[in-house]
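K.L.:
okay, here's the prediction I keep looking at, along with the sequence it came from:
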Amino acid sequence: STQSTWGISYPVFTRDTCTMTIDAEVDDINDQTEVIAEAREATEDPALGASEVFVALADEPVAAPFRADEVDAQPPLSASEAVPAVPSEAQVEAKGETHPKALVDTLSGANGVAAAASKTENLINIKLVVVPEGFLHFLSLPPEVTAATLYNHISHNLGLEPNSIRVLHKSKPVQEQTVLSELLDLNSAITFNVELDYMPRHLALLSKYEVVTAVVPIQIAYGEGIPSKVITVSIVKGFHRKQFMGGFRNKKLLTEYHHAVAQTDPKKKEPKPKPPCYSRNTQTAGISRSQQTKREAWTQMARPGLDVDTNGDRWYTARVYFSAKQLEDLRVMKSIVLQAYVRGWFARRLAKRMREEEEVRQEALLQQTEAQQALLQARKEREIDRRTHPRTAADFAVLYNELEAWALQEQTKIKESDWDEAQKKAASQELLKKQTRLLQTIDKLQIKATKENKQKKTTNSLAAMANPKTWAHSKQELGKTVVETPFTVRAKELLDLHNGLQLKGLSVDERLDILLHVKWTVKEFECALTREIVELIDREADLLNRGRKEKSLEGLRHRMCNLFLQFCETPEFNPEAINHQRVPLEFTTRPLVKLDATKR
């Protein structure tokens, strides 16, 4: 037998002809034996042994056992509480129906075997299918009875309440006053579908196509002081499924097809005949080495009248006998030595792997620590750089906030000090001077940052115009396609001239060469902007020839750079600039860029 535990459904015993499903909390093998004995008596089948019963436990936890002081408060369950009560004979006769017990007594009672046989010929076979679970139950009733008798038999045989049963025939409900003969088929059989308002626990364990033969109540006694318990047992007709030995299953129709080869026993192959062997080795069984000498020999012992020459004799002394027990002990000892070496090898390999893993972990931890320290150092340097070389509005906001916080802190210190009014006033004036100088320093840094940002923005804009066109291939291994267009080449030339105008520390000849290139570039177009650039170039060349210092030419050069930048950002002179215009040309006024009528 198999031990059982509450809350789990699994088989304990099996039988070929009958299967019992017990709806109860059985937590001891002794209780199982008692249930089996009660089921054997209830089904009136003495041949039903302990090894021929199938027990499936309920899926609900077992209630705690009663204590001695709770026996009176918890009376034992009766059979009427465990199984729905069957109406009495008087109640059934009052309705004009046949009681199930009276019908059974009539079939197997005093009239004997002949009466039972005559009754059996007039009975009709009824097949009941409980939907949607799909298990079956079969009945045999006279054709003249009404459906009310059918309801009573279903309630009695399956342990159900009559009010919770609905019988359907061809998807239509069957009324209690309907006579069964009106529903007969050609083969003297009727198939009904049974719907239940609720499924009791002793039927909820049944599977599809299982046939319920009977439902009986069984009482379990736990001993003195503990009330007995009544459980309901469903007896199911057992059957064997054909063993699946190969095939396939249709996923849509769920139909299984078996291979004929897998369902047929293979033919036994007869062993091939061996050639006859008559040698001594093949005719000897169970001998690993030959003990018979290949050369016959004879022995002559010395006797009176016969001398045997012993000069060529040699004496052989037998070694110490090595028994099977000693051989087994030697094998065990060598096995232990071999295991010791193998286990040592395993241990060394494990230790090596653990050391490697520890080294990898330590290296990863070190790299993580270094990365965190580098991140913190970069963040610290960034904060220092934001305060020493501010560039963005957020950087200047940090400076102004810190300056304000510092001024408030200093004012609080002055107010909380024990100085007199004159000293406090002098300290406040000194604080105001420091705050004013710091504000002036921040303003200078802001002016410098604005200039640098503007220069960087201009350089990036001209570089974007001069960059070649790039397209990425659908295949990554082909890389990218880079194309130089006439517009990008023109933008690259203008970028080089603009960078040349901003160079410092050049000689006079180098500066004049750059000015000459810029002059001939802008003279291709006739407008107010180009004429002004040419005029500035001629003026700077004249001043350079006169030997003027570079410091005196800074204003002139700055104006020339601004005008040439305007020239580079004009689409008429640099066609690539049209793709980088923020405001459309039709919404801008450009009086200096308007070309002359003769050059249009």
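P.N.:
Ah, there it is.
K.L.:
when you work out contacts or count neighbours from here on, use the C-alpha atoms and nothing else.
P.N.:
Fine.
K.L.:
got the residue ranges for the helices in the stretch 251-400 of the chain?
P.N.:
280-283, 324-388, 393-416 (DSSP state H, counting those that start in this stretch).
K.L.:
tell me the most buried of these?
P.N.:
Greatest average neighbour count among these goes to helix 393-416 (a mean of 14), per mean count of other CA atoms under 10 Å.
K.L.:
what average pLDDT does it get?
P.N.:
What helix 393-416 shows for mean pLDDT is 92.
K.L.:
after it comes which helix or strand?
P.N.:
helix 421-466 (DSSP states H and E).
K.L.:
can you list the strands that the following helix or strand past that following helix pairs with?
P.N.:
Going down the chain from helix 421-466, the next helix or strand is strand 469-472, by DSSP H and E. Taking DSSP bridges as the criterion, strand 469-472 pairs within the sheet with strand 480-483 (antiparallel).
K.L.:
quick revisit: what's the closest of the helices of the stretch 251-400 of the chain to His156?
P.N.:
Closest of these to His156 is helix 324-388, at 70.3 Å (criterion: CA to CA).
K.L.:
got the angle for the closest one vs helix 393-416?
P.N.:
If you take axes from the mean of the first three to the mean of the last three CA atoms, to 10 degrees, helix 324-388 sits at 80 degrees to helix 393-416.
K.L.:
let me see the ranges of the strands in the stretch 101-250 of the chain.
P.N.:
Secondary structure of the stretch 101-250 of the chain, counting by DSSP state E, counting those that start in this stretch: strands at 124-130, 136-141, 165-169, 172-173, 189-196, 211-220, 229-237, 247-249.
K.L.:
now, of these, which is deepest in the fold?
P.N.:
strand 229-237 (a mean of 23).
K.L.:
same for it, what does it pack against?
P.N.:
strand 18-23, helix 79-82, helix 201-204, strand 211-220 (3 or more CA pairs under 8 Å, 6 or more residues apart in numbering; DSSP states H and E).
K.L.:
could I get the strands of the stretch 101-250 of the chain as JSON lines with distance to Leu462 and mean pLDDT?
P.N.:
Shown next, in JSON lines, are the strands of the stretch 101-250 of the chain (distance: least, CA to CA, whole Å; pLDDT from 0 to 100):
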{"stretch": "strand 124-130", "distance to Leu462": "86", "mean pLDDT": "89"}
{"stretch": "strand 136-141", "distance to Leu462": "90", "mean pLDDT": "88"}
{"stretch": "strand 165-169", "distance to Leu462": "89", "mean pLDDT": "89"}
{"stretch": "strand 172-173", "distance to Leu462": "88", "mean pLDDT": "87"}
{"stretch": "strand 189-196", "distance to Leu462": "86", "mean pLDDT": "87"}
{"stretch": "strand 211-220", "distance to Leu462": "91", "mean pLDDT": "86"}
{"stretch": "strand 229-237", "distance to Leu462": "92", "mean pLDDT": "84"}
{"stretch": "strand 247-249", "distance to Leu462": "72", "mean pLDDT": "75"}
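K.L.:
could you dump the helices of the stretch 251-400 of the chain into JSON lines with distance to Val145 added?
P.N.:
Below are the helices of the stretch 251-400 of the chain laid out as JSON lines (distance: least, CA to CA, whole Å):
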{"stretch": "helix 280-283", "distance to Val145": "85"}
{"stretch": "helix 324-388", "distance to Val145": "83"}
{"stretch": "helix 393-416", "distance to Val145": "98"}
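K.L.:
tell me which of those sits nearest to Phe192.
P.N.:
So among the helices of the stretch 251-400 of the chain, helix 324-388 is nearest, using CA to CA, at 70.4 Å.
K.L.:
check which helices and strands the closest one is in contact with.
P.N.:
Counting by 3+ CA pairs under 8 Å, 6+ apart, helix 324-388 packs on helix 393-416.
K.L.:
tell me which residue is most central in this structure.
P.N.:
The C-alpha lying nearest the average C-alpha coordinate of the chain belongs to Lys251 (CA atoms, centre = their mean; 26.0 Å).
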